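Predicted structure and sequence below. I'll ask about it afterward.
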Amino acid sequence: MAEVPYFIDHATALEIAAKSLLQLESEDVPLDQAHGRVLSHDIASKVDDPPFDNSAMDGFAFMHEDSLHPPCSLEIIQTVQAGDTNTTQTLQTGQATRIMTGAPMPPGATSILPIERCEVDSLGQTVTLLEQGRPHFIRKQGENLEKNQVALTRGSNLTPSKIGLCATMGWPYVPVFKRARIGILSTGDELKFPGEKLEPHQIYESNSFGLAGLVEWMGHDAVRYEAVADSMDSLRKALTTASKECDLILTSGGVSMGDWDYVRKIMEEEGEIHYWRVKIRPGSPPLFGLWNGTPLFGLPGNPASSHVVFRILVAPYLRSSTAGGGPKEHHLRVQLADDLKGDAKCLALRRIKIDTSGDHPTAYSTGPQGSGNLNSIAQADGLTLLSPGQPSNKGDWCDAMLL
Ligand code: AMP
Ligand code: MG
């Protein structure tokens, strides 16, 4: 193990894993299926938007100079509606066009007055403008987007408004990163499927379910395998199957210093370890490496730790693999309302509940913070980001990551 980076800080761990990012291909999906996907290429507009000058209001269009001294009476020469295919006449001075929102501006018209500020005579032949016209009610060709303008870049999350923008730009299909297949392998002789009868010394397996949820939340496909027993043979078999079927493997358990920590052992002897142990609490045991060329994160077995380590090591790795796409990491400065345990050497990620109802965000402990207590994270909406040695008593301030 001498040459493997050991007990490194968080930033170094991110850097090392970033050298073995997933190489995800691109696929074209119809806009109907694009929600939550990440663009794999820049998207340039195929058109000017709007494609032509048009009215932002239902009202009248005319030459602006004809409205300078209201009230002004103008002759109504035509009506234009959005989508009209009739040819529009060019306006002369003293003339007005009845116009609807989205209809093209008639040639010669330079101003608009909304219908509520106009009076039309009983024959519908003359309009009296009660106020000066509003040139800014003309939506100018290309004011939103110009043709060939790159409006969305590689790595953008396709949110509803961005999907709408793709349609506006004339793209019926968009190029997105293929979802990664991420295999999840829990290890431990003591693990039983939830609901089965527990023998003495057994517990319900929970990590693979939580990790599968995190994988889906990041926009990828989780492949949850059956829990693996603590033996080199069963691990070797399971890892090899997962490496053939998946782009990335997440294991849980078996990466600490114990005699039964076979994930670490098999990765040392038969795989390739790029780092082992990171200065974070909880969750210092993780390793990163390759099994048969497939990237692998060995996450700790303690349930709160496996969740925290996903958020702090795996999520950034997945974002980098999709040019920054996926749910973002949001930070907030909070004042502690409880004493929390910091750490002299490690980044301390305590589970907190954040109250934003007062003058400033306040953070409460979610209760016993042992790394086996999954409830501490299930109740949390944030993790403290306490740097080594940072004071962490009631009244102290720190950064927090929102969950
Ligand atoms: P390990 O990292 O294998 O030493 O496991 C640390 C602790 O986490 C032990 O108490 C295990 O029983 C528990 N544990 C390991 N894997 C899981 C799992 N998949 N679900 C729930 N608890 C687990
Ligand atoms: Mg174990």
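Thanks, I have it. Numbers count the residues shown, from 1 in each chain. Ligands and ions are numbered 1, 2, ... in the order given.

which residues touch stretch 379-392?
279, 308, 311-312, 331-332, 334, 336, 339-354, 363, 366-367, 396, 398-403 (CB atoms under 8 Å, 6 or more residues apart in numbering). Heads up, the C-betas are built off the backbone N, CA and C, glycines and all.

distance between the ends of that stretch?
When the termini of stretch 379-392 are compared using CA to CA, to the nearest Å, they are 20 Å apart.

next one: that stretch to chain centre, how far?
Computed by CA atoms, centre = their mean, to the nearest Å, the chain-centroid distance of stretch 379-392 equals 23 Å.

quick one: buried residues of it?
In terms of neighbour count (16 or more other CB atoms under 10 Å), stretch 379-392 has its buried residues at Ala380, Asp381, Gly382, Leu383, Thr384, Leu385, Leu386, Gln390, Ser392.

Packing partners of the longest helix belonging to the chain?
Of all the elements of type helix in the chain, the one with the most residues (DSSP state H) is helix 232-245. Packing contacts for helix 232-245, counted by 3 or more CB pairs under 8 Å, 6 or more residues apart in numbering; DSSP states H and E, involve strand 181-186, strand 248-252, helix 262-270, strand 287-291, strand 294-299.

Help me confirm that Ala17 comes into contact with Leu287.
No - in this structure, Ala17 is not within contact of Leu287 by CB atoms under 8 Å, at 10.4 Å.

Pull up the overlap in contacts between these two.
With contacts taken as CB under 8 Å, 6+ apart, Ala17 and Leu287 have His274, Tyr275, Phe297 as neighbours in common.

and which of those residues is nearest ligand 1?
Proximity of these to ligand 1 was ranked by CB to the nearest ligand atom; the top entry is Phe297 with 13.4 Å.

check whether the host helix or strand of Val309 contacts ligand 1.
When secondary structure is defined by DSSP states H and E, Val309 falls within helix 303-309. Yes - on the criterion CB under 6 Å from any ligand atom, helix 303-309 is in touch with ligand 1 at Pro303.

Outside of that helix itself, which residues are in contact with it?
Here helix 303-309 makes contact (CB under 8 Å, 6+ apart) with 206-207, 210-211, 214, 252, 278, 280, 282-283, 285-286, 297, 299-300, 349, 351, 369-374, 376-377, 383.

CA atoms of stretch 228-240 as CSV?
Below are the C-alpha coordinates for stretch 228-240, written out as CSV (Å, rounded to 0.1, in the frame of the first residue of the first chain):
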residue,chain,number,x,y,z
VAL,A,228,-22.5,-10.2,-1.2
ALA,A,229,-21.0,-12.3,1.6
ASP,A,230,-17.7,-11.5,3.2
SER,A,231,-15.5,-13.8,1.2
MET,A,232,-12.9,-13.2,-1.5
ASP,A,233,-14.5,-15.6,-3.9
SER,A,234,-18.0,-14.2,-3.8
LEU,A,235,-16.7,-10.7,-4.0
ARG,A,236,-14.5,-11.5,-7.0
LYS,A,237,-17.5,-13.0,-8.8
ALA,A,238,-19.8,-10.1,-8.0
LEU,A,239,-17.3,-7.4,-8.9
THR,A,240,-16.5,-9.0,-12.2
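
mean confidence for that stretch?
Mean per-residue pLDDT for stretch 228-240: 97.

Could you do stretch 173-180 as well?
98.

Flag every buried residue along it.
Those buried within stretch 173-180 under the rule 16+ other CB under 10 Å are Val174, Pro175, Val176, Phe177, Lys178, Arg179, Ala180.

With stretch 25-38 instead?
In terms of neighbour count (16+ other CB under 10 Å), stretch 25-38 has its buried residues at Ala34, Gly36, Arg37, Val38.

In contact with Lys140, which residues?
For Lys140, the contact set (CB under 8 Å, 6+ apart) comprises Pro50, Asp53.

Could you give the backbone dihedrals for it?
Listed backbone geometry of Lys140 is phi -80, psi 140, with angles given as degrees, to the nearest 10.

One more: Pro200?
Reported as degrees, to the nearest 10, the phi and psi values for Pro200 are phi -60, psi 140.

and Lys162, how many neighbours?
17 (other CB atoms under 10 Å).

er, Gly301 I mean
Other residues within reach of Gly301, judged by other CB under 10 Å, total 25.

any idea of the mean pLDDT for the helix or strand harbouring Ala61?
Taking DSSP H and E as the criterion, Ala61 maps to strand 59-62. Mean per-residue pLDDT for strand 59-62: 98.

Give me the residues contacting that strand.
Residues external to strand 59-62 that are found in contact with it (CB under 8 Å, 6+ apart): 55, 74, 76, 80, 91, 95-99, 105-106, 109-115, 117-118, 127, 129, 133, 137.

will you turn the helices and strands packed on helix 232-245 into JSON lines that also has distance to ligand 1 and mean neighbour count?
Converted to JSON lines, these look like this (distance: least, CB to the nearest ligand atom, whole Å; neighbours: other CB atoms under 10 Å):
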{"stretch": "strand 181-186", "distance to ligand 1": "4", "mean neighbour count": "24"}
{"stretch": "strand 248-252", "distance to ligand 1": "5", "mean neighbour count": "29"}
{"stretch": "helix 262-270", "distance to ligand 1": "8", "mean neighbour count": "20"}
{"stretch": "strand 287-291", "distance to ligand 1": "11", "mean neighbour count": "22"}
{"stretch": "strand 294-299", "distance to ligand 1": "9", "mean neighbour count": "26"}
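
closest one to Ser234 among the ones you listed?
helix 262-270 (9.0 Å; CB to CB).

How about exporting that closest one as PDB, limited to the C-alpha atoms?
Coordinates of each C-alpha in helix 262-270 appear next as PDB, following Å, rounded to 0.1, in the frame of the first residue of the first chain:
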ATOM      1  CA  TYR A 262     -12.400  -7.800   2.000                       C
ATOM      2  CA  VAL A 263     -13.300  -5.100  -0.500                       C
ATOM      3  CA  ARG A 264     -10.100  -3.300   0.500                       C
ATOM      4  CA  LYS A 265      -8.200  -6.500   0.500                       C
ATOM      5  CA  ILE A 266      -9.300  -7.700  -2.900                       C
ATOM      6  CA  MET A 267      -8.800  -4.200  -4.400                       C
ATOM      7  CA  GLU A 268      -5.300  -4.200  -3.000                       C
ATOM      8  CA  GLU A 269      -4.400  -7.700  -4.200                       C
ATOM      9  CA  GLU A 270      -6.300  -8.000  -7.500                       C
END
